[in-house]
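Asker: show me the folded form of this:
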Amino acid sequence: MDQRAGTGKLLAPLLPPLLALLLISCNGAKRQQQQAAELRQRQLTAMLSRCRSQQATVRQQVENLASTNVRLSRLSLQTYTSLPRPPAPDPELLARFTREDQELELERHGQALERWRQADRAGKRRWQEQQQARRGALIAGREQALAELSRLGVAPTAEARAAWSSCDQAQLEALKSAQAGLVLQRGR
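Answerer: Residues are numbered from 1 along each chain as shown. The predicted structure follows:
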């Protein structure tokens with residue numbers, strides 16, 4: 001017992017400075033939290049200001065992107081329509097012809113079919129080239145819109161495009177929090 005009482009007397013003078021140190025460190029943590037909250041608010045205010053200043057450009061690029069994606073989808077649904085095939089000779093009419101005239105008529109029809117096949121192949125090839133050119137132009141337009149949005153600081157997600165188009169504070173704040181979470185995950 002004497003030993004405990006002696007230890008208590010030795011520690012008694014250290015207790016007030018230890019309590020003061022503990023209080024200071026708690027206040028320091030509280031101050032850091034307050035400063036972090038103020039920093040987040042300043043960053044959000046700056047983000048809102050930046051969003052409003054570039055909102056028209058962001059909306060235009062988002063609309064361009066959506067329009068291009070719709071046109072690309074429609075383009076992929078298009079199919080080639082063949083040229084009309086030449087009609088076969090009428091059997092009743094052929095029956096009235098002499099054998100030589102029948103052979104001549106069938107030969108003409110065979111030649112017409114070959115010309116049709118060649119014209120149809122050429123037409124399909126031209127159509128495919130035009131489709132490829134349209135697709136290339138649309139993809140280039142989409143890439144340009146995405147690059148412009150990236151330059152403006154808009155992440156390549158539908159949520160980011162919606163938040164930056166509307167400049168909605170809650171959406172931007174959620175977006176900023178999600179991005180901060182991604183940064184923390186990448187750092188691990």
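
Asker: which regions of the protein lie under the pLDDT threshold?
Answerer: Low-confidence segments of the chain, defined by pLDDT under 70, are located at 1-12, 14, 20-28, 180-188.

Asker: max-length helix in it?
Answerer: helix 15-77 (DSSP state H).

Asker: compute the number of surrounding residues for residue 163.
Answerer: 25 (other CB atoms under 10 Å). For the C-beta atoms, the positions are set from N, CA and C on the backbone; glycine is no exception.

Asker: then residue 34?
Answerer: 10.

Asker: the host helix or strand of residue 133 - contacts with which helices or strands?
Answerer: Using DSSP states H and E, residue 133 sits in helix 99-151. With contacts defined as 3 or more CB pairs under 8 Å, 6 or more residues apart in numbering; DSSP states H and E, the packing partners of helix 99-151 are helix 15-77, helix 91-96.

Asker: how close does residue 137 sit to residue 68?
Answerer: 9 Å (CB to CB, to the nearest Å).

Asker: which of those two has more residues huddled nearby?
Answerer: Neighbour totals were compared for residue 137 and residue 68, and residue 68 leads with 20 against 12 (other CB under 10 Å).

Asker: and the helix holding residue 133, how far from the chain's centre?
Answerer: Offset of helix 99-151 from its chain centre (CA atoms, centre = their mean, to the nearest Å): 31 Å.

Asker: next, the angle from that helix to helix 15-77.
Answerer: 160 degrees (axes from the mean of the first three to the mean of the last three CA atoms, to 10 degrees).

Asker: OK, contacts around the closest residue to residue 102 other than its chain neighbours?
Answerer: Using CB to CB, 6 or more residues apart in numbering and skipping the chain neighbours, the partner closest in space to residue 102 is residue 94 (5.2 Å). Residues near residue 94 by CB atoms under 8 Å, 6 or more residues apart in numbering: 102, 105-106.

Asker: so residue 59 touches residue 162, yeah?
Answerer: No. The pair residue 59 / residue 162 is not scored as a contact, 10.8 Å apart, by CB atoms under 8 Å.

Asker: now render the contacts of residue 94 as JSON lines, adding neighbour count and distance to residue 42.
Answerer: Below are these laid out as JSON lines (neighbours: other CB atoms under 10 Å; distance: CB to CB, whole Å):
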{"residue": "102", "neighbour count": "15", "distance to residue 42": "93"}
{"residue": "105", "neighbour count": "15", "distance to residue 42": "88"}
{"residue": "106", "neighbour count": "14", "distance to residue 42": "87"}
